[in-house]
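Chemist: compute the structure for the input listed below.
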Amino acid sequence: MAITWILVANASLAKLYANLGPNKGLTLVKELIHPESRQKNSELVTDRSGAMAGNGGGGSMQPQTLPKQHEAKVFAQEIAQELYQGRSQNAFKRAILVAPPAFMGMLNTVIDGPTAQLITERFEKDYTKTSESELSERLASAIYL
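Modeler: Residues are numbered from 1 along each chain as shown. Model (predicted):
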């Protein structure tokens, strides 16, 4: 029977479950925590400006992304690496992603092509605080747990 991985994530917490077949329920494979994503932007930056002395053109450079967004992207890359390793080791044949819309967008940009092809469903919800039984109910349209 083909194993399905279900990733339930937000910018600071990811739970990776496996489903071994119809009516087999969920088994927690791994939990990843990224506490930096919970910190305030002011807690993630140093006191010094990031400006670099340049040739002409005064003024300081503004960061293109906020530190909190940067940390969320770092975590999305960590999750993508877990999915890549799982795929390359044939640990699953199908994946379902569950994440809030903004974080889902980050995940979609960092997951490699072959792994992305194994993702059959995407739910743009934050179910990280949802119990396994409630999660099973909410995902019933996509998988028989």
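Chemist: helix or strand for the nearest residue to Ala14 once chain neighbours are set aside, which one?
Modeler: Nearest residue to Ala14 in three dimensions, chain neighbours excluded: Leu32, at 4.3 Å (Cβ to Cβ, 6 or more residues apart in numbering). Any C-beta I mention is one placed from the backbone N, CA and C, and that applies to glycine too. Assessed by DSSP states H and E, Leu32 sits inside strand 27-33.
Chemist: do Pro22 as well
Modeler: Using DSSP H and E, no helix or strand contains Pro22.
Chemist: for the closest residue in space to it that isn't next to it in sequence, which three-state class applies?
Modeler: Nearest residue to Pro22 in three dimensions, chain neighbours excluded: Tyr144, at 4.1 Å (Cβ to Cβ, 6+ apart). Secondary structure for Tyr144, judged by DSSP: H, G, I helix; E, B strand; the rest coil, is coil.
Chemist: please tell me how far Tyr144 sits from Leu28.
Modeler: Distance of Tyr144 to Leu28, computed by Cβ to Cβ, to the nearest Å: 19 Å.
Chemist: against which helices or strands is the longest helix anywhere in the chain packed?
Modeler: When the chain is parsed with DSSP state H, its longest helix is helix 67-88. Secondary-structure packing of helix 67-88 (3 or more Cβ pairs under 8 Å, 6 or more residues apart in numbering; DSSP states H and E): strand 4-9, strand 13-19, strand 27-33, helix 41-44, helix 101-110, helix 113-116.
Chemist: list the buried ones in the longest one?
Modeler: Taking 16 or more other Cβ atoms under 10 Å as the basis for neighbour counts, the residues of helix 101-110 that come out buried are Phe103, Met104, Met106, Leu107, Val110.
Chemist: before we move on, back to that, the longest helix of the chain - what's its average pLDDT?
Modeler: Average pLDDT, helix 67-88: 93.
Chemist: now the angle between helix 101-110 and that helix, please.
Modeler: 50 degrees (axes from the mean of the first three to the mean of the last three Cα atoms, to 10 degrees).
Chemist: helix or strand with the lowest mean pLDDT in this protein?
Modeler: helix 41-44 (a mean of 53; mean pLDDT, DSSP states H and E).
Chemist: circling back: any idea how far the residue nearest to Ala14 is from Lys125?
Modeler: Counting by Cβ to Cβ, the gap from Leu32 to Lys125 is 18 Å.
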